[in-house]
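Engineer: dropping the sequence and predicted coords here.
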There are 2 protein chains.
Amino acid sequence: MRLFALPGLPEVHPGDDLNALIGAGLAAAAETLQTGDVVVIAQKIVSKAEGRLVTLDSVQPSTTAHELAAQADKDPRLVELILQESAEVLRCRPGVIVVEHRLGFVMANAGIDQSNVHQAGAGTALLLPLDPDASCERIRAALRASTGAEVAVLVIDSHGRAWRQGTVGVTIGAAGMPALLDLRGRPDRHGRTLRVTEVGQADEVAAAASLLMGQADEGRPVVVVRGVPQMAGIAWGAGSGKARDLVRPREMDMFR
Amino acid sequence: MRLFALPGLPEVHPGDDLNALIGAGLAAAAETLQTGDVVVIAQKIVSKAEGRLVTLDSVQPSTTAHELAAQADKDPRLVELILQESAEVLRCRPGVIVVEHRLGFVMANAGIDQSNVHQAGAGTALLLPLDPDASCERIRAALRASTGAEVAVLVIDSHGRAWRQGTVGVTIGAAGMPALLDLRGRPDRHGRTLRVTEVGQADEVAAAASLLMGQADEGRPVVVVRGVPQMAGIAWGAGSGKARDLVRPREMDMFR
């Protein structure tokens, strides 16, 4: 398995064509996409290209936003955006509001935080893409049209974990590969039932790619992963996976 | 970044020399270790080599073990082992007992489950290594002596997550590389403070390697990861990291 980052991608602006930017990055790296590659893209540039910047001055915080902002020591306008992006607030502590995002993911600050605001320019905040699975499918179709390769596309973010220190790359949008590998009932090579039955395969690819992206604005927001093993009988390609499959259903949640 | 699995490792038995097995695997793959490589090893073969097999008939379940076994629908002897390996039981549901392992990791069934028992042979269970960080340091020293390369070593397992479906590879033992990358206060290339401040770097390497290991007894329990980016000012090498650094301290736990 081999991973490489695309060099020299420019700052992304609303309306930019990510397919063209990826094409230019591949050319700069003297690489071409191959069928079976996974193109892993940082959430931030997808959000920027899709115009998900919000001017904080345009935000009117609710009473709830003011209350949570005081508890979390955050800008009430930012907290209002967090609430608008969320289905439920799970925890509120100084510096962090853990929510169920409208996309289903349990995460800190709905993916919007103070330094993100800072990065995006004075007085603006950057929200997650409206529908990251759909973003991936669009980019996948565009890459297929421009390169002829049948690739998978992931949009990833960095998330904290409940009981482990440190963030890791996780998938918030997927197309063209199974996000969740359902191995239940499949025998191993000795004919015995597998111990591990469902694997967060797209999250493992996200974590791998994250190692090469580096942190913050280091300019390596696209990583190509070549040689991810494909299991017999598990389809890649059109309609084969969504990051939504990685969301644990509420009725299976032991820790909310 | 490049990853490759070592081919054709034999079944591991108590007392086996993992250094020698890895050497034979490298020779079979016509590869040599290089300084900066990360050698990622599945927990199962480390546990087997260290003789962490327990005969279930030797286990006398306590009253608590019988009660939890009824709730979890598990063998009371297995539950007794889970309790002996754990500092605290967080949740008990049919099929799963979520514990804080004595090593600090919050995980299902203390890393011992029914199919694991089955795999290890009728009537035996396989426990985690006594001290996986120490195991890594020993293997690292042996590989340095036998190959001359200054490598990092990780022992990994597959864990579920609280709010995401599917298991991912995570690090339970580390030596020679930072497990947790502490970037707090480090500026990015524009001189701004980084948004993401602590990265679970060893967990990202574990997830990447896990993609190549496959599931259960597929015989690829050792993966070499070459080209993990090393950040300026963050030490690799002797004494540079422990998987214990990835354990969230209890006072920072919002979800227990």
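Structural biologist: Sure thing, it's come through. Residues are numbered from 1 along each chain as shown, chains lettered A, B, ... in the order given.

Engineer: per the annotation, how does chain A divide into domains?
Structural biologist: According to automatic domain parsing, chain A comprises the domains A:2-51+A:129-252, A:53-126.

Engineer: what about the strands in chain A?
Structural biologist: Under the criterion DSSP state E, chain A contains strands at A:2-5, A:38-42, A:53-55, A:86-93, A:96-101, A:106-108, A:124-126, A:152-159, A:168-175, A:181-182, A:198-199, A:222-226.

Engineer: out of these, which one sits most buried?
Structural biologist: Of all the strands of chain A, strand A:168-175 has the most neighbours on average by mean count of other Cβ atoms under 10 Å in any protein chain shown, namely a mean of 30. Where C-beta positions appear, they are placed from N, C-alpha and C, glycine not excepted.

Engineer: mind checking the pLDDT average for stretch A:105-123?
Structural biologist: For stretch A:105-123, mean pLDDT rounds to 76.

Engineer: quick check: A:R250 touching A:L90?
Structural biologist: No - A:R250 is not in contact with A:L90 according to Cβ atoms under 8 Å; the separation is 11.5 Å.

Engineer: can you say which of the domains of chain A is nearest to chain B?
Structural biologist: Smallest distance to chain B across the domains of chain A (Cβ to the nearest Cβ): 3.0 Å, for domain A:2-51+A:129-252.

Engineer: so how far is the closest one off the chain centroid?
Structural biologist: Between the centre of domain A:2-51+A:129-252 and the centre of its chain there are 8 Å (Cα atoms, centre = their mean, to the nearest Å).

Engineer: what's the span of it, first residue to last?
Structural biologist: Distance between the two ends of domain A:2-51+A:129-252: 35 Å, counting by Cα to Cα, to the nearest Å.

Engineer: wait, what's in contact with the nearest residue to A:A149 once chain neighbours are set aside?
Structural biologist: Nearest residue to A:A149, sequence neighbours excluded (Cβ to Cβ, 6 or more residues apart in numbering or on different chains): A:L33, at 4.1 Å. Shown in contact with A:L33 (Cβ atoms under 8 Å, 6 or more residues apart in numbering or on different chains): A:26, A:39, A:143, A:147, A:149, A:151, A:224.

Engineer: out of these, which is most surrounded?
Structural biologist: A:V39 (27 neighbours; other Cβ atoms under 10 Å in any protein chain shown).

Engineer: quick one: residues in contact with stretch A:75-93.
Structural biologist: With contacts defined as Cβ under 8 Å, 6+ apart, stretch A:75-93 is touched by A:54, A:56-57, A:59-62, A:64-66, A:68-69, A:71-72, A:97-102, A:104, A:106, A:109-114, A:117, A:125, A:127-128, A:256, B:254-255.

Engineer: ditto for stretch A:106-114
Structural biologist: Stretch A:106-114 is contacted by residues A:43, A:74-75, A:78, A:81-82, A:85-86, A:90, A:96-101, A:125-128, A:157, A:159-160, A:172, B:162-163, B:195 when judged by Cβ under 8 Å, 6+ apart.

Engineer: quick one: that stretch to chain centroid distance?
Structural biologist: With Cα atoms, centre = their mean as the basis, stretch A:106-114 stands 12 Å off its chain's centre.

Engineer: got the CA positions of it in PDB?
Structural biologist: C-alpha atoms of stretch A:106-114 as PDB (Å, rounded to 0.1, in the frame of the first residue of the first chain):
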ATOM      1  CA  VAL A 106     -20.800  12.700  17.600                       C
ATOM      2  CA  MET A 107     -18.000  15.300  17.600                       C
ATOM      3  CA  ALA A 108     -16.600  18.400  19.300                       C
ATOM      4  CA  ASN A 109     -18.000  21.900  18.400                       C
ATOM      5  CA  ALA A 110     -19.800  20.600  15.300                       C
ATOM      6  CA  GLY A 111     -16.500  20.800  13.500                       C
ATOM      7  CA  ILE A 112     -16.300  24.500  13.900                       C
ATOM      8  CA  ASP A 113     -13.900  26.000  16.500                       C
ATOM      9  CA  GLN A 114     -12.300  29.200  17.400                       C
END
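
Engineer: in the stretch 1-150 of chain A, what spans have low per-residue confidence?
Structural biologist: Low-confidence segments of the stretch 1-150 of chain A (pLDDT under 70): A:113-122.

Engineer: any of the contacts of stretch A:75-93 buried? List them.
Structural biologist: Buried by 16 or more other Cβ atoms under 10 Å in any protein chain shown: A:54, A:56, A:59, A:61, A:65, A:68-69, A:72, A:97-101, A:104, A:106, A:109-114, A:117, A:125, A:127-128, B:255, out of those.

Engineer: so what's A:G104 closest to, chain neighbours aside?
Structural biologist: A:V247 is the one closest to A:G104 (Cβ to Cβ, 6+ apart), at 3.7 Å.

Engineer: and that neighbour, what pLDDT?
Structural biologist: For A:V247, the predicted pLDDT is 96.

Engineer: can you tell me how far it is from B:R93?
Structural biologist: When distance is defined by Cβ to Cβ, to the nearest Å, A:V247 is 19 Å away from B:R93.
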